[in-house]
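[1] give me a 3D structure for the following:
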Amino acid sequence: MKCSGINVFTGEAITISGNRTITSLEAASHPSASLPLLAPGLIDIQINGFAGVDYSAPTASIEEIGQSLHAQFKTGVTRLFPTVITGSHGVMTGALRLLADAKEKLPEGEAMEGFHVEGPHISPEDGPRGAHPMPAVRPPDLEEFKKLQEAARGYIKLITLSPEWEEAPRYIEAIVKEGIVASIGHTKATTEQIADAVSAGATMSTHLGNGAHSVMKRHPNYIWDQLAEDRLTASFIVDGIHIGSAFLKTALRAKGLERSVLITDAVMPALCSPGDYKLGEVEVTLHPPGDRVTLRDGDRLAGSALRMDHGVRNLTRMVGLSLQDAIIMGTLNAAKAGKIPDRTTGLNIGEKADLIEFEWNDAEKEIRILKTWLSGKCVYHAD
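    Sure thing, here's the model as predicted:
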């Protein structure tokens, strides 16, 4: 691999060389105004599906999963955590087994850095439960975790659960000892339950501001409690639909840039034509122009249709973040939160050779991905 461009963090014209990792970083020999911008490849640690493929469906094919990866490469994503949501034990183990097969057999399967299991140990209550199917919600169970991890061949790296269950602290302690990131989400937990979860080892809040009651006490409540907890990093769905700019600006101030992560929470219809779809047994609608997914029998959101490059763009539009800080939320911070090795310091020697070359229109706040590099291999080249 060898590519030249403008380092998005420093503004310097550089040439990067390497194989699977970056081995050389030098001043560009012929800098020019036509050089693209260079940044680490984007990382999405919560994506339920993309381009017509549902990662929670054990009936998808390995080839279809590969197609969904290539669709994400076009958006600048180089590493992701395919996310399996609440379902029956059989469905969840089947989906994880399929993802493990795809990771090991697909040429670019390493892009699936690990798996995120969102549920089934979430709140059973309407509102916090979100679009997760109520009949499949159940308490934390370490024996079930072992079976899920066995099906996933050890690739589960992140688990979202609610601390409201009596079993939650012990469960969190156990999975953290196994190197799993424990994240709080889809919860109605009390102040004390959230504190107990953090003491047990929880380090994240999943899509903070969503998976919540539409009406709640002013204070205390589980959103304020998580915003105030400095030991929790928070992820945010920045599509302009799930949370508004005022909440996002306030949340980023509370967490600080260093504890804030951009995710998509995208579902299977993302990048598809508007229309009706099914996520497992759940019927959903992708509304025109293709940016909003709801349950078909109501107006409740059911994941997003966001893509990571647009998330970067939206951070600059919605809250005025610089391009550099927006990219940090979708790269370095995501790697730190998900414990992804060799992706936490940016464009430096020894880091994975995951890169994007792109154009940025500062006046319009528009981004265009030109090339995506995964472990030194070009996996996307714009026409």
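[2] contact partners of stretch 19-32?
    For stretch 19-32, the surrounding residues in contact (C-beta atoms under 8 Å, 6 or more residues apart in numbering) are 1, 4-5, 12-18, 35, 342, 347-353, 375-376. Glycine gets a C-beta too; all of them are placed from N, C-alpha and C.
[3] for Pro139, grab the count of nearby residues.
    A count of nearby residues for Pro139, using other C-beta atoms under 10 Å, gives 16.
[4] mind checking how far the residue nearest to it when sequence neighbours are not counted is from Pro124?
    Counting by C-beta to C-beta, 6 or more residues apart in numbering, Pro139 lies nearest to Trp165, which is 4.8 Å off, once chain neighbours are set aside. Separation of Trp165 from Pro124 (C-beta to C-beta, to the nearest Å) stands at 10 Å.
[5] if you count what's nearby, which of those two comes out ahead?
    Counted by other C-beta under 10 Å, Trp165 and Pro124 do not tie: Trp165 has more neighbours, with 22 against 19.
[6] got the confidence number for the more buried one?
    Note for Trp165: predicted pLDDT of 98.
[7] if we can go back for a sec, just the contacts of stretch 19-32: which are in strands?
    4-5, 13-18 (DSSP state E).
[8] farthest-apart pair in those, please.
    Greatest spacing in the ones in strands among the contacts of stretch 19-32, by C-beta to C-beta: Ala13 and Gly18 (17.6 Å).
[9] those two: who's more crowded?
    Higher neighbour count among Ala13 and Gly18: Gly18, with 21 against 18, using other C-beta under 10 Å.
[10] nearest spatial neighbour of that one, skipping sequence neighbours?
    Closest to Gly18 by C-beta to C-beta, 6+ apart is Ala353, at 4.3 Å.
[11] what about the one you found, neighbour count?
    Neighbours of Ala353 using other C-beta under 10 Å come to 23.
[12] got it, and Thr21?
    Neighbours of Thr21 (other C-beta under 10 Å): 16.
[13] now swap in Ala382 and tell me
    For Ala382, the neighbour count with other C-beta under 10 Å is 12.
[14] also Gly66?
    Gly66: 18 neighbours (other C-beta under 10 Å).
[15] hang on, it in a strand?
    No. Applying DSSP: H, G, I helix; E, B strand; the rest coil, one finds Gly66 to be helix, outside a strand.
[16] chain neighbours aside, what residue packs nearest to it?
    That would be Leu106: by C-beta to C-beta, 6+ apart, it lies 4.8 Å from Gly66.
[17] I'd guessed that neighbour sits against Ile65; true?
    Yes. Proximity of Leu106 to Ile65 meets the contact threshold set by C-beta atoms under 8 Å, at 6.9 Å.
[18] show me which of those two is the more surrounded one.
    Between Leu106 and Ile65, Ile65 has the larger neighbour count (other C-beta under 10 Å), namely 24 against 17.
[19] so what's the residue count around the residue nearest to Lys147 when sequence neighbours are not counted?
    Excluding its sequence neighbours, the residue lying closest to Lys147 (C-beta to C-beta, 6+ apart) is Thr93, at 6.4 Å. For Thr93, the count of nearby residues is 20 (other C-beta under 10 Å).
[20] so which elements touch the helix or strand encompassing Thr93?
    Secondary structure assignment for Thr93, by DSSP states H and E: helix 89-105. In terms of contacts (3 or more C-beta pairs under 8 Å, 6 or more residues apart in numbering; DSSP states H and E), helix 89-105 is packed against helix 62-73, strand 77-85, strand 115-118, helix 142-151.
[21] most tightly surrounded among those?
    strand 77-85 (a mean of 29; mean count of other C-beta atoms under 10 Å).
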